[in-house]
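Asks: this is a predicted model, with the sequence first.
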Amino acid sequence: MVGLAGLQRGDPAAAEALYRWAVEAGDDHWSGHAAMLLAGLLRRRGDMAGAEAVLRRLVSTGNSAWACNAAFDLGDVLAGAGDAAEAKDAWQPLIDSADPELAGPAFVSIINLLRRQEDRGGLRAACQAAVAFGNPEALYALDQLGQLLHDQRDMDGAHAVWQEAIGAGYEHAEDLRERMMPESEKRARLRAYPDHLPPEFNPANMRRGIEVLEHGLPALPEPLSYHMAIPVAYWKAERCAVVLVLRYTRPWRSAPEPTQIMLVFAFAPDGSWTPRAMPAAPDSRATRSPGPAARMTARYLISGAARPVAMDAG
């Protein structure tokens, strides 16, 4: 079936024919797998009605290996078509299953839908039901209810809901605290760089990239700190150059987030390198998406655990 998937890139029509043949073959495993691939192909083509029909058929088979994945994707298709009630009906059995690998992502999908509908009452009710049922994503409903209130400029209401989620032990509590933080404090924290650290590794020092282009990569300081930005590679051509920098965003958090930045430079007429625009920082307010890829990966891939590198919190 992996070979068939490759046909989608070169000959979608042939891939569709093979998928349909495999679906009709009636194999307990491969027919369900082919149906999911066929539905994905039809969705990418824009044939939502065809994808819906394939997914509904797979759900109706009760195939334990694939019906749940089909129900999840069916909800996505229906929600995208504006049929919120049908989408909820597709996701609800997954939530009721009490299987955290199914119930959590399905609940996230319903919450995102309620947020788009601006349904305050629905978000609150969903949270209460999920808490009672032990859904692992229950407090995500409060996260999104607070964001809805924030977007509607009810700041006091948003902060109260977020504080409720924090008090209940929400795993993304630090995100909520940052959203409630005054903008002036956010800017001050982002600019802050401890005095005892080498200034040349300050993330605000754009000149550092030019020094790399002129003199090569620097020796690593000891000890390393989450506050530093470390250039690790560079590429220089006749008219432009790029320096790759590794750093952590929000180094003050209990679990700083690693990221990479490409510093892009242009060669000026006077013979010097000049920096171009920096990329925008990610928006921490975005809704979470369970995504079909994550569900499929869990079935077929075993990923090795990465060994953490010791860092100086200072």
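Replies: Happy to help now that I have it. Numbers count the residues shown, from 1 in each chain.
Asks: can we go C-alpha only for contacts and neighbour counts from here?
Replies: Fine.
Asks: residue ranges in this protein under the pLDDT threshold?
Replies: For the chain, applying pLDDT under 70 flags the ranges 1-10, 64, 206-207, 277-314.
Asks: ok, the residue of it most remote from its centre to Gly209 distance?
Replies: Computed with Cα atoms, centre = their mean, the maximum C-alpha offset from the centroid of the chain is found at Asp270, amounting to 42.9 Å. Distance, Asp270 to Gly209, by Cα to Cα, to the nearest Å: 18 Å.
Asks: gap between the residue farthest from the centre of the chain and Gly62?
Replies: Taking Cα to Cα, one finds Asp270 at 70 Å from Gly62.
Asks: what of Val54?
Replies: Distance of Val54 to Gly62, given as Cα to Cα: 13 Å.
Asks: same thing with Tyr248?
Replies: Look at Tyr248 and Gly62: by Cα to Cα, they are 46 Å apart.
Asks: these two - which one has more neighbours?
Replies: In this view Tyr248 and Gly62 are compared by other Cα atoms under 10 Å, and Tyr248 has more residues nearby, 19 against 11.
Asks: in what helix or strand does that one lie?
Replies: Assigned by DSSP states H and E, Tyr248 belongs to strand 240-249.
Asks: just Val59 next, same as before
Replies: Here Val59 is assigned to helix 48-61, by DSSP H and E.
Asks: same thing with Pro231?
Replies: Pro231 is part of strand 229-236 when elements are defined by DSSP H and E.
Asks: tell me the helices and strands packed up against that strand.
Replies: Contact partners of strand 229-236 among helices and strands, from 3 or more Cα pairs under 8 Å, 6 or more residues apart in numbering; DSSP states H and E: helix 207-215, strand 240-249.
Asks: with distance to Met36 added, can I get the ones you listed in JSON lines?
Replies: Formatted as JSON lines, the helices and strands packed on strand 229-236 follow (distance: least, Cα to Cα, whole Å):
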{"stretch": "helix 207-215", "distance to Met36": "47"}
{"stretch": "strand 240-249", "distance to Met36": "37"}
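Asks: quickly compare the ones you listed and say which is most buried.
Replies: Counting by mean count of other Cα atoms under 10 Å, strand 240-249 has the highest mean neighbour count of the helices and strands packed on strand 229-236, with a mean of 19.
Asks: cool, thanks, signing off.
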